[in-house]
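Enquirer: Provided below are the primary sequence and the corresponding predicted coordinates.
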Amino acid sequence: HGDERHGTKGCFIKPTIFTNIDPSMKDVQEEIFGPICIIIKFKDEEDVIKHANDTFYGLAAAVFTQNLNRAINTTHRLEAGTAWINCASSFNFNVPFSGFEQSGISRECGDYALTNYTTVKAVHVNLGHRM
């Protein structure tokens, strides 16, 4: 399971796996950045979607399955800015990366990242109609 300190400096823990977790627990509801894996039992695909979307965060999600159609349908229903199928943390810097809800307000990478540094302005000019 892990949950042990790693080294003597900083706040680092060894890779940790949480099992027998209730979906309402803080470990599930908050966005933890670290070597953490939370395993929650589910009944069916609807149950997975319900639990995955029941949070204020939505940075990324990973779906592992042999059924590609099911994976694509599932990722479309997940409220996450990035979704991986049969992999995790795989990045291409030409593809935008961001989260939903409290996990992000802008896009990084790709052409979408440029919108963080631009402002659109519309200017309308009357060239023929007399007032």
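Expert: Perfect, I can see it now.
Enquirer: low-confidence ranges, the protein, go.
Expert: Scanning the chain for pLDDT under 70 picks out 1-3, 95-97, 99-114, 116.
Enquirer: which residue is the nearest non-sequential neighbour of Ala60?
Expert: Thr82 (4.3 Å; C-beta to C-beta, 6 or more residues apart in numbering). Heads up, the C-betas are built off the backbone N, CA and C, glycines and all.
Enquirer: distance of Ala62 relative to Gln29?
Expert: 18 Å (C-beta to C-beta, to the nearest Å).
Enquirer: number of residues surrounding the residue nearest to Ala60?
Expert: For Thr82, the count of nearby residues is 23 (other C-beta atoms under 10 Å).
Enquirer: is it true that it touches Val63?
Expert: No: using C-beta atoms under 8 Å, Thr82 is not in contact with Val63; the gap is 11.8 Å.
Enquirer: ok so, going back, with neighbour numbers in mind, choose between Ala62 and Gln29.
Expert: Neighbours were counted for Ala62 and for Gln29 using other C-beta under 10 Å; Ala62 has more, 17 against 13.
Enquirer: helix, strand or coil for the more buried one?
Expert: What DSSP: H, G, I helix; E, B strand; the rest coil gives for Ala62 is strand.
Enquirer: give the contact list for it.
Expert: Listed by C-beta atoms under 8 Å, 6 or more residues apart in numbering, the contact set of Ala62 reads Ala83, Trp84, Ile85, Cys87, Ala88.
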